[in-house]
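> Give the three-dimensional model of this entry:
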Amino acid sequence: MSINSTGHYLVQNDNGHSRASSTSLGASLGRPMSCRIASVDWLVRTIPQQEIPVIKRRDCCVAALSALVVIAWLSAHPQAEGKKQTSTKIAGWKRDVGWGWIWGPNDEVGALNAMNAGTTKAALQLADQGQVYDLGITYSRNSYKWPGHSPGEIMTYRTPEGTSRQKDHDFIAPEVNSSGTRWHSCALFINDNVATQIDGLAHVTVGKDHHWYNGYKEAEWGGDFGVRKCDATTIPPVIGRGVMLDIAGLHGVRTLPPHYGISPKDVDNATKAQGIRLRPGDIVLFRTGTLSLWGKDGSDHPLLADADSAGITLQTAKYLVEKFGAIMVGSDTSGLEVAPAPEGSDSFIPVHKYLLVEQGVHIAEFHYLEDLAKDKVYEFCYVGITNKIAGSTAGFTMRPLAIR
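Numbering: from 1, shown residues only. Next up is the predicted model:
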């Protein structure tokens, strides 16, 4: 290998002849010749052996030029750089419009369609410390919930002593089960909107035809065994950049006052105080401090009810979706939005109506954010996977993770 007078490099072929590259070093590198070179050996190893120039390292100057040639070769041979990178561009979102019914007449996924391999890889890069935060809360038959959902019950179905007395299974008879093996099994009577959850897009309906996201109507897609469009099985695994906005911390209180409406100004002040920016494709979670009162299983309903009434306003929901492109919005409360709805609203839950029905943006509720607030973790890789129960209107009793 040598450098000719025009700044082009010469590479010796297997037959001993030299050929000149059509690209000068400066042009192929796209940077000054004095650029800093790192990990030359790794770069050499990435080139097929038959194309590695024979380099005589007579002095450090020649070695430096050799490194530049290697980088130039990589610029001309992009296939040697590894697998093709997937774009992290967010599809579908328009500033000042948001998302909406844009994914086709059969869509059941909504804004989560914007996730792709590129956004997933970008989110996973935030998990560089290996620290995992459990965002799920413990649920029991006594746990607090929104009053519009049914109570839950956990009943023992089979027990070791019960099966011994009942003797209704031949496989536990002593002659074939000398070790006395038994089991526990429970029957759950539980609502699909309790504890840590992600609301599905069929959770809320509007209008005389009771339609939900994308125009699915109750008369056509309702049923006695759950909804038949936009149920929890259509919620994909949610992996993305999570952002926690600590509004309680911003105001220096354990919990926000009852019925406090989180405003766009709160969003701006929180992002500024926390030193972060919102981006299209974010999963935005608000901390009101409500779950600092959860205790073992959220059994103190009066204590929780007051704090649980704080939440975001409709203006804030629109701000997050239309100005910043959030694909999911959530909080540490049972309903995300401030309660009761402001006077003059066209719905008792206008934020749910806007996010779920109009925009196709899923809502995350009862996410435990106390540990994140304690460690001042405001940006992380969010991982949320719902139960795949056909007909269910939400992914419930979840255990999502924040990883940094």
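> Helices along the stretch 251-400 of the chain, start to end?
Here the stretch 251-400 of the chain has its helices, by DSSP state H, counting those that start in this stretch, at 264-274, 301-308, 314-318, 324, 350-352, 370-374.
> got JSON lines for the ones you listed, with mean pLDDT and distance to P280 too?
Where you see a C-beta, it was placed from the backbone N, CA and C, and this is true even at glycine. Below are the helices of the stretch 251-400 of the chain laid out as JSON lines (pLDDT from 0 to 100; distance: least, C-beta to C-beta, whole Å):
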{"stretch": "helix 264-274", "mean pLDDT": "98", "distance to P280": "15"}
{"stretch": "helix 301-308", "mean pLDDT": "93", "distance to P280": "30"}
{"stretch": "helix 314-318", "mean pLDDT": "98", "distance to P280": "15"}
{"stretch": "helix 324", "mean pLDDT": "98", "distance to P280": "7"}
{"stretch": "helix 350-352", "mean pLDDT": "97", "distance to P280": "20"}
{"stretch": "helix 370-374", "mean pLDDT": "98", "distance to P280": "22"}
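> of all these, which lies closest to A127?
Closest of these to A127 is helix 370-374, at 13.8 Å (criterion: C-beta to C-beta).
> For L285, grab the count of nearby residues.
By other C-beta atoms under 10 Å, the residues close to L285 number 26.
> can you count the residues close to R165?
Quick note: R165 (other C-beta under 10 Å) scores 8 neighbours.
> Same question for R141.
If you count neighbours by other C-beta under 10 Å, R141 ends up with 14.
> Please list all residues in contact with it.
R141 makes contact with 151-154, according to C-beta atoms under 8 Å, 6 or more residues apart in numbering.
> In TSV, list these along with neighbour count.
As requested, the contacts of R141 are exported to TSV (neighbours: other C-beta atoms under 10 Å):
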residue	neighbour count
P151	12
G152	19
E153	10
I154	12
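> of all those residues, which comes closest to C381?
The closest of the contacts of R141, once distances to C381 are taken by C-beta to C-beta, is G152, at 30.6 Å.
> From G98, how far out is the residue nearest to the closest one when sequence neighbours are not counted?
Spatially, and ignoring its direct neighbours in sequence, G152 is nearest to I190 (4.2 Å; C-beta to C-beta, 6 or more residues apart in numbering). To G98, I190 is 33 Å away according to C-beta to C-beta, to the nearest Å.
> How about I247?
Here the criterion is C-beta to C-beta. By it, I247 lies 22 Å from G98.
> Quick one: low-confidence residue ranges for this structure.
Where the chain drops to pLDDT under 70, the residues are 1-88.
> remind me, longest strand of it?
Longest strand in the chain, counting residues (DSSP state E): strand 238-246.
> Can you work out which other helices and strands pack against the next helix or strand after it?
Using DSSP states H and E, the helix or strand that follows strand 238-246 in sequence is helix 247-250. Helix 247-250 sits against helix 264-274, strand 283-287, with contacts defined as 3 or more C-beta pairs under 8 Å, 6 or more residues apart in numbering; DSSP states H and E.
> Show me which positions of the first one end up buried.
By neighbour count with 16 or more other C-beta atoms under 10 Å, helix 264-274 contains the buried residues 264, 266-267, 270-271, 274.
> Let me know the closest of these to Y133.
Once C-beta to C-beta is applied, the member of the buried residues of helix 264-274 that ends up nearest Y133 is Q274, at 16.0 Å.
> That closest one reaches Y378, doesn't it?
Yes. Applying C-beta atoms under 8 Å as the test, Q274 and Y378 come out as touching, 4.5 Å apart.
> Common neighbours of the two, please.
Common neighbours of Q274 and Y378 (C-beta under 8 Å, 6+ apart) are 245-246.
> ok, I90 - how many residues close by?
18.
> Turn the helices and strands packed on helix 247-250 into JSON lines, columns for distance to H251.
Output for the helices and strands packed on helix 247-250, formatted as JSON lines (distance: least, C-beta to C-beta, whole Å):
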{"stretch": "helix 264-274", "distance to H251": "8"}
{"stretch": "strand 283-287", "distance to H251": "11"}
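> and the longest strand of the chain, what other elements does it pack with?
helix 117-124, helix 264-274, strand 283-287, helix 370-374, strand 379-384.
> From N142, how far out is A339?
As judged by C-beta to C-beta, A339 and N142 stand 22 Å apart.
> And for G130?
For G130, the distance to N142 - C-beta to C-beta - is 35 Å.
> Kindly report the same for G162.
According to C-beta to C-beta, G162 stands 24 Å off from N142.
> how about CSV for the helices of the stretch 251-400 of the chain, with distance to K388 added?
Converted to CSV, the helices of the stretch 251-400 of the chain look like this (distance: least, C-beta to C-beta, whole Å):
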stretch, distance to K388
helix 264-274, 33
helix 301-308, 28
helix 314-318, 28
helix 324, 30
helix 350-352, 23
helix 370-374, 27
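> nearest to S185, of those helices?
The closest of these to S185 is helix 301-308. By C-beta to C-beta, the value is 29.6 Å.
> want to throw the helices and strands packed on strand 238-246 into a markdown table with distance to E343?
Rendered in a markdown table, the data for these read as follows (distance: least, C-beta to C-beta, whole Å):
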| stretch | distance to E343 |
| --- | --- |
| helix 117-124 | 39 |
| helix 264-274 | 20 |
| strand 283-287 | 23 |
| helix 370-374 | 32 |
| strand 379-384 | 34 |
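> Nearest to S345, out of those?
Nearest of these (C-beta to C-beta): helix 264-274, 17.2 Å.
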